[in-house]
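Asker: Pasting the sequence and the predicted model now:
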Amino acid sequence: MRFIKHIAFIAATTLLLQLLQINKDIVAQTAPVTLTKPATPEKVPNDDGFIQRWFILDPITANGLTDSVVQILVKKEQFLNQLTVVPHDGDLVNVGGAELRWHAVDTLNYNVNLFHFARAQEKRLLMFCFGL
């Protein structure tokens with residue numbers, strides 16, 4: 001019986017270590033290869049008309065990602081002229097006392113995965129993006 005307990009303990013410990021390594025690997029992931037830093041000052045839509053250059057604001061901190069929290073934050077004007085500003089890479093805006101930066105990214109796809117972008121920035125998700 002004691003032998004079985006040792007085997008079970010070793011198996012559980014091994015599984016826990018594997019899960020911790022998997023979690024560590026997930027946290028260490030970088031931005032997906034579909035997102036790149038722009039290599040040129042301008043980028044026109046591709047032949048199918050999809051926008052490939054995006055300006056994404058650092059994620060706005062949210063207390064949870066429930067529908068109601070997100071709806072409140074999306075409906076609120078987060079910074080001055082947020083609906084009319086034309087951002088540039090590196091521009092800063094003040095949102096709730098925090099300085100957030102606009103990032104220019106090019107995508108190989110027809111869209112930008114904002115969850116991956118937020119993860120690459122190691123921040124929670126709620127952000128504005130602007131395609132040019």
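Answerer: Here it is on my side, so go on.
Asker: mean confidence score for the helix or strand harbouring residue 55?
Answerer: Using DSSP states H and E, residue 55 sits within strand 53-57. In this model, strand 53-57 carries a mean pLDDT of 90.
Asker: where in this protein is pLDDT low?
Answerer: Along the chain, the model assigns pLDDT under 70 to residues 1-32, 120-132.
Asker: Check which residues of the next helix-or-strand element following the strand holding residue 55 are buried.
Answerer: Next in sequence after strand 53-57, counting helices and strands by DSSP H and E, comes helix 67-75. Neighbour-count burial for helix 67-75, with 16 or more other CB atoms under 10 Å as criterion, is recorded at residue 73. Where C-beta positions appear, they are placed from N, C-alpha and C, glycine not excepted.
Asker: After helix 67-75, heading C-terminal, what element do we hit next?
Answerer: From helix 67-75, the next helix or strand downstream (DSSP H and E) is strand 92-95.
Asker: Tell me the strands beside the strand holding residue 55, with direction?
Answerer: The sheet places strand 53-57 alongside strand 98-107 (antiparallel), strand 129-131 (antiparallel), with pairing taken from DSSP bridges.
Asker: Comparing these, which comes out most buried?
Answerer: strand 98-107 (a mean of 17; mean count of other CB atoms under 10 Å).
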